[in-house]
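K.L.:
Kindly generate the corresponding structure for this input.
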Amino acid sequence: MNLNISSLSKFIFKSQSVPGFGFQQVRNKWANSLMIRDVKRRRMSAENFLERSRINALRKNDVLPIEIRELADKEINKFEMNAIPLRINNRCVITSRPRGIVKEWRMSRIVWRHLADYNKLSGVQRAMWG
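P.N.:
Numbers count the residues shown, from 1 in each chain. Reported below is the predicted structural model:
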């Protein structure tokens with residue numbers, strides 16, 4: 001059996017540079033089940049975006065007859081709840097922390113600050129006076 005470092009890195013996440021994550025084995029690339037659920041919601045929302053936006057346009061059009069708008073209401077209710085964009089939570093892509101997210105990088109403020117301190121984020125520079 002021929003094992004090399006790149007094939008092992010898929011199964012073992014070795015990073016001491018991120019706080020809260022030491023040497024540990026992970027079964028998939030997501031931090032926990034909450035993150036898996038959020039990724040599923042993002043995927044479903046992206047898949048159904050065009051169809052949902054078309055039906056919503058029919059629902060909110062005041063020129064159309066009420067019967068057509070009611071049909072559009074019934075159609076929009078047939079979508080799964082996870083396909084609604086409002087159910088998407090902003091989570092840190094590394095630690096799955098739900099609060100304190102820096103939107104541009106989709107990381108929590110703690111991880112973002114740690115990576116910025118060690119020049120791991122492009123375009124980020126520490127503030128200097130004088």
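
K.L.:
any idea how far the residue nearest to the spatial centre of the chain is from residue 103?
P.N.:
Centroid-nearest residue in the chain, with CA atoms, centre = their mean: residue 39, separated by 5.4 Å. Separation of residue 39 from residue 103 (CB to CB, to the nearest Å): 17 Å. Glycine gets a C-beta too; all of them are placed from N, C-alpha and C.

K.L.:
ok, now residue 58?
P.N.:
Relative to residue 103, residue 58 is positioned 31 Å away (CB to CB).

K.L.:
Settle it for me: which of the two has more neighbours?
P.N.:
residue 58 (15 against 7; other CB atoms under 10 Å).

K.L.:
Hmm, that one is touching residue 68, no?
P.N.:
Yes - using CB atoms under 8 Å, residue 58 is in contact with residue 68, at 6.5 Å.

K.L.:
Break down the chain into its strands, ranges please.
P.N.:
In the chain, the strands defined using DSSP state E lie at 12-14, 23-25, 101-102, 107-108.

K.L.:
Let me see the backbone angles for residue 79.
P.N.:
Dihedral pair for residue 79: phi -70, psi 150, per degrees, to the nearest 10.

K.L.:
For it, give me its contacts.
P.N.:
Contact partners of residue 79, counting by CB atoms under 8 Å, 6 or more residues apart in numbering, are 48, 52.

K.L.:
Look up the closest residue to residue 32, ignoring the ones flanking it.
P.N.:
Leaving aside its sequence neighbours, residue 32 sits nearest to residue 96 (CB to CB, 6 or more residues apart in numbering; 5.2 Å).

K.L.:
And residue 90, how far from residue 79?
P.N.:
Residue 90 is 22 Å from residue 79, by CB to CB.

K.L.:
count of residues packed around residue 78?
P.N.:
Residue 78: 8 neighbours (other CB under 10 Å).

K.L.:
from what I can see the residue nearest to residue 32 touches residue 33, true?
P.N.:
No - judged on CB under 8 Å, residue 96 makes no contact with residue 33 at a distance of 9.1 Å.

K.L.:
Many thanks, I have nothing further to ask.
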